[in-house]
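J.: Have a look; sequence and predicted model below, questions after that.
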2 protein chains.
Amino acid sequence: MDFFAWMETMQRRTESYLDRLLPSANIAPQRLHQAMRYATLGGGKRVRPLLCYAGGELASADLSRLDNPAAAVELIHAYSLVHDDLPCMDDDVLRRGKPTCHVEFGEATALLTGDALQSLAFQLLAEYPLEADATRQLDMLRLLAQASGSRGMAGGQAIDLDAVGQPLSLTELEFMHIHKTGALIRAAVLLGAQCGKPLSAPELAGLDHYAKTAGLLFQVVDDILDSEADTATLGKTAGKDAAQHKPTYVSLLGLAQAKEKAAELRATANAALAPFGEAAQRLGELTDFIVDRHF
Amino acid sequence: MDFFAWMETMQRRTESYLDRLLPSANIAPQRLHQAMRYATLGGGKRVRPLLCYAGGELASADLSRLDNPAAAVELIHAYSLVHDDLPCMDDDVLRRGKPTCHVEFGEATALLTGDALQSLAFQLLAEYPLEADATRQLDMLRLLAQASGSRGMAGGQAIDLDAVGQPLSLTELEFMHIHKTGALIRAAVLLGAQCGKPLSAPELAGLDHYAKTAGLLFQVVDDILDSEADTATLGKTAGKDAAQHKPTYVSLLGLAQAKEKAAELRATANAALAPFGEAAQRLGELTDFIVDRHF
């Protein structure tokens, strides 16, 4: 299967799996369930599930074992977007080409929607045997919780918050992104791999290096897209980083150097995958796709 | 040890365990960690940890095994209070005798504080072997996630939200509370019991019946206290249910009948504990305490 066919298949698989696992909008509390479905379904590039499936392929994991972790990382991502868009955070009105959750359902429901999506992610990872060995599944739960919490994604958002209007060094910016987006990207790859055959310590270290690099790469590209693309193409408000005086790779390095940085990170990511040979094909293709994407 | 000595010991144990497990305010992101500690430490009746320890005692669980689930339910409770107090929800300024988290740290940090406390609860339950049998620990994680999510606590808050200014029947009010506070109370008791010797199916059903009843009982008493006590005694804004035209047991039944309802629930709870004999002593004492408390 060529990459784009694979990607589309996995995106559709993710969508239909999420559709099945999210409580029906007919079940009480209806409005909350409706909002959870609104915030999760019918959009999104599903980059994290794709990374999870590709990480699983690297470790020869059964496809059916990957559905739960892939959906779990996407639920964490979806919850973070709902909360990030709230008026007290980024105050954004457009997401994935639709009104944001709080615009559609009100702030209180959006708050609870994010909260419930987070719980659901952990429920899913604990839900039924992903692993013959339950201790390995506990490892996965711990990994996702760490990646989501104050030393991971939520922590990165806190650093981001404190950074608005502040001059940040490149090191500080990187520290923020390693937490804000990097931690969950890394978790997506590693959770996928943990569903397959056990990797050796050097293999795991190599994959971890790839996953961390990919996380940063994704953010650099995001900053470049935000400065270059228009709102209609992005499906979310473009240029908002500059409007909010948020430090970005583009504002710190300039556009040309930010693109160079992306190219370097791509090379590093590919080098980290090289020892895996053909098993890492999808991850490599995905890395290239992340850099070259225009949406 | 008499009940009050036991309670104080366990409250202190909870406080010191939470203090140890919450990231230090010196670790980045400092402000977020400071807020997480602010929202969790130095107050609170620790009813859920107490129920967890008492549930564990019923099943002869090792005390050291109970610290993680006891802390996890308290973290979920603390997160829910932080989010519940936000301006888009109850818009409350006083909690546990202190300014609420968003008053002290701002709304955005309070939002992230709740988010990160939730992640930490699941991290904790996955963190190190609570159980010789890891599948039992997965069961515990699933139970806590279900109790927290859209079919549990967050769902109950959504129902509560939709109910403001609405005439609710007693059945609807009960449905709301079974989710909003009952689910986590139930989880606290069952998580404790799951750390001990396995219970038979009838025993588990009996304990579950106790736990559900205790959850409702706690809410009825809360409504009574809210209508009777003053703000200084409660340590949170008193009379706010009436001010917000929220349906309560008192507004639906009147004070006298609400108190009768509480007495009935207490009798039911005690009856459910009877078959356990002395093993259920602490749970029984705790039930009595919940009904008779004046704070």
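T.: Ah, there it is. Everything numeric here is computed off the predicted structure, so don't read it as measured data.

J.: What segments of the stretch 1-150 of chain A are helices?
T.: Defined through DSSP state H, counting those that start in this stretch, the helices belonging to the stretch 1-150 of chain A, from first to last, are A:3-21, A:30-40, A:47-58, A:63-84, A:101-105, A:107-127, A:134-148.

J.: elements contacting the third one?
T.: Okay, so that is helix A:47-58. The elements that helix A:47-58 packs onto, with contact taken as 3 or more Cβ pairs under 8 Å, 6 or more residues apart in numbering or on different chains; DSSP states H and E, are helix A:3-21, helix A:63-84, helix A:183-194, helix A:201-228, helix A:281-292. Backbone N, C-alpha and C define where each C-beta goes, glycine included.

J.: For the residue most central in space within chain A, which residues are in contact?
T.: Centre of chain A computed as the mean C-alpha position; nearest residue by Cα atoms, centre = their mean is A:Arg48, 4.3 Å away. Residues counted as contacts of A:Arg48 (Cβ atoms under 8 Å, 6 or more residues apart in numbering or on different chains) are A:70, A:73-74, A:77, A:184-185, A:188.

J.: one more time with 6 Å
T.: Contacts were defined as Cβ atoms under 6 Å, 6 or more residues apart in numbering or on different chains; by that measure A:Arg48 touches A:73-74, A:77, A:188.

J.: Can you tell me which of the residues you listed is nearest A:Glu172?
T.: Nearest to A:Glu172 among these: A:His77, at 23.7 Å, using Cβ to Cβ.

J.: which one is that closest one nearest to, not counting chain neighbours?
T.: Counting by Cβ to Cβ, 6 or more residues apart in numbering or on different chains, A:Arg48 is the residue found nearest to A:His77 once chain neighbours are left out, at 5.4 Å.

J.: repeat for A:Val103
T.: Distances taken as Cβ to Cβ, 6+ apart place A:Val93 nearest to A:Val103, at 5.3 Å, with adjacent residues excluded.

J.: what about that neighbour, how many neighbours?
T.: By other Cβ atoms under 10 Å in any protein chain shown, the residues close to A:Val93 number 15.

J.: Do I have it right that it meets A:His102?
T.: No: when contacts are counted by Cβ atoms under 6 Å, A:Val93 is not listed as touching A:His102 (8.9 Å).

J.: what residues does the stretch 101-250 of chain A put near chain B?
T.: A:107-108, A:111-112, A:115-116, A:118-120, A:122-123, A:126, A:134-135, A:138, A:141-142, A:145-146, A:148-150, A:154-155, A:157-159, A:161 (Cβ under 6 Å from any Cβ of the partner chain).

J.: Generate a ChimeraX selection restricted to the buried entries among these.
T.: Restricted to the buried members of those, where burial is judged by 16 or more other Cβ atoms under 10 Å in any protein chain shown, the ChimeraX selection command reads as follows:
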select /A:107,108,111,112,115,116,118,119,120,122,123,126,134,138,141,142,145,146,148,149,150,154,155,157,158,159,161
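
J.: ok, A:Thr113 - contacts?
T.: If a contact means Cβ under 6 Å, 6+ apart, then A:Thr113 has A:35-36, A:39, A:82, A:101 as its contacts.

J.: JSON lines please, covering the residues you listed and showing pLDDT and neighbour count.
T.: Compiled in JSON lines, the contacts of A:Thr113 are given as follows (pLDDT from 0 to 100; neighbours: other Cβ atoms under 10 Å in any protein chain shown):
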{"residue": "A:Ala35", "pLDDT": "98", "neighbour count": "27"}
{"residue": "A:Met36", "pLDDT": "98", "neighbour count": "32"}
{"residue": "A:Ala39", "pLDDT": "97", "neighbour count": "30"}
{"residue": "A:Val82", "pLDDT": "98", "neighbour count": "30"}
{"residue": "A:Cys101", "pLDDT": "98", "neighbour count": "28"}
